[in-house]
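A.B. asks: Generate coordinates for the sequence data below:
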Amino acid sequence: MPIPPHRAAFGARVRELRNEHGWSQEDFAHRAELDRTYVSGIERGRRNPTLDIIYRLAQTLGVPASDLLA
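C.D. replies: Below you'll find the model as predicted:
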């Protein structure tokens, strides 16, 4: 099944912001209190995070949730 473009874009934005912080997926996952494989799935567009997870990611990255959806 192909990855929906909106999930791929969301994952790319999360990855971009994570890299700006200089965090590995493991570092980021630990800070966000998520499993590293879940973060990997989000960044690859394989996971469809809930609104609660989107807010947790945004808070960990220090950005408004809307920045992840832009």
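
A.B. asks: which helices and strands sit right next to the longest helix along the chain?
C.D. replies: In the chain, ranked by residue count with DSSP state H as the criterion, the top helix is helix 5-21. Packed against helix 5-21 by the contact rule (3 or more CB pairs under 8 Å, 6 or more residues apart in numbering; DSSP states H and E) you find helix 25-32, helix 36-43, helix 51-61, helix 65-69. Every C-beta, even on glycine, is put in place using the N, C-alpha and C of the backbone.

A.B. asks: relative orientation of the second one and helix 5-21 in degrees?
C.D. replies: With axes from the mean of the first three to the mean of the last three CA atoms, to 10 degrees as the criterion, the two stretches helix 36-43 and helix 5-21 enclose an angle of 120 degrees.

A.B. asks: Over to the third one?
C.D. replies: On the basis of the same axes, to 10 degrees, helix 51-61 is oriented at 20 degrees to helix 5-21.

A.B. asks: Helix 51-61 - contacts with which helices or strands?
C.D. replies: If you count contacts as 3+ CB pairs under 8 Å, 6+ apart, helix 51-61 packs onto helix 5-21, helix 25-32, helix 65-69.

A.B. asks: circling back to that earlier point, give me the contacts around the longest helix of the chain.
C.D. replies: For helix 5-21, contacts defined as CB atoms under 8 Å, 6 or more residues apart in numbering pick out 25, 28, 39, 42-49, 57, 61, 63, 67-70.

A.B. asks: Send over it as CSV, restricted to the C-alpha atoms.
C.D. replies: Once non-C-alpha atoms are left out, helix 5-21 reads as follows in CSV (Å, rounded to 0.1, in the frame of the first residue of the first chain):
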residue,chain,number,x,y,z
PRO,A,5,1.4,12.1,0.7
HIS,A,6,0.2,14.0,3.8
ARG,A,7,1.7,11.3,6.1
ALA,A,8,5.0,11.4,4.2
ALA,A,9,5.1,15.2,4.5
PHE,A,10,4.3,15.1,8.2
GLY,A,11,7.0,12.5,8.8
ALA,A,12,9.6,14.5,6.8
ARG,A,13,8.8,17.6,8.9
VAL,A,14,9.2,15.7,12.1
ARG,A,15,12.6,14.4,10.9
GLU,A,16,13.7,17.8,9.7
LEU,A,17,13.0,19.4,13.1
ARG,A,18,14.5,16.4,15.0
ASN,A,19,17.7,16.8,12.9
GLU,A,20,17.8,20.5,13.6
HIS,A,21,18.1,19.6,17.3
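
A.B. asks: Good, we can wrap up now.
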